[in-house]
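[1] When you get a sec, could you give me coordinates for this:
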Amino acid sequence: MALLDDLADKLAIDVLKVVDKLGDDQLIKDVAKILAASSTPMEEAFLSCARMRQAEQRARAYLRAHVVQELGRENG
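    Take a look at the predicted model:
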């Protein structure tokens, strides 16, 4: 369902921006709870999008750190 996924992903992006600014991971659970009260499929899609985006952020942070470390070894 394209609309569901699009809406869930846009909401996940917005929530993760606020989480990054405020440092409040609980916000993801709170938003999911609100979604669950009216649309379980939307809640599940939102949580999936949020987890995927967080996983991507962690993987990119690892990749950046790894490249910096390896470049340091080459130049050191």
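
[2] Return the residues in contact with Leu11.
    31, 46, 49 (C-beta atoms under 8 Å, 6 or more residues apart in numbering). All C-beta atoms are positioned from the backbone trio N, CA, C, and that covers glycine.

[3] can you tell me the helix or strand for Val19?
    Per DSSP states H and E, Val19 falls inside helix 2-22.

[4] can you give me the offset of whichever helix or strand comes after that helix from its chain's centre?
    Next helix or strand after helix 2-22 toward the C-terminus (DSSP H and E): helix 26-38. Distance of helix 26-38 from its chain centroid, counting by C-alpha atoms, centre = their mean, to the nearest Å, is 15 Å.

[5] residues of the helix or strand just after helix 26-38 that come out buried?
    Downstream of helix 26-38, the next assigned helix or strand under DSSP H and E is helix 40-75. For helix 40-75, burial by neighbour count (16 or more other C-beta atoms under 10 Å) applies to 42-43, 45-47, 49-50.

[6] Average pLDDT for helix 40-75, rounded please.
    Here helix 40-75 scores 95 as its mean pLDDT.

[7] That helix versus helix 2-22: what angle between them?
    If you take axes from the mean of the first three to the mean of the last three C-alpha atoms, to 10 degrees, helix 40-75 sits at 50 degrees to helix 2-22.

[8] Report all helices and strands that helix 40-75 contacts.
    Using 3 or more C-beta pairs under 8 Å, 6 or more residues apart in numbering; DSSP states H and E, the elements in contact with helix 40-75 are helix 2-22, helix 26-38.

[9] Indicate which one of those is closest to Ala65.
    helix 2-22 (18.0 Å; C-beta to C-beta).

[10] ok, and for the closest one, which residues are buried?
    Quick answer for helix 2-22 (16+ other C-beta under 10 Å): 7-9, 11-12, 15-16, 19.

[11] closest to Arg60 among these?
    Nearest to Arg60 among the buried residues of helix 2-22, with distances taken as C-beta to C-beta, is Leu16, at 13.4 Å.
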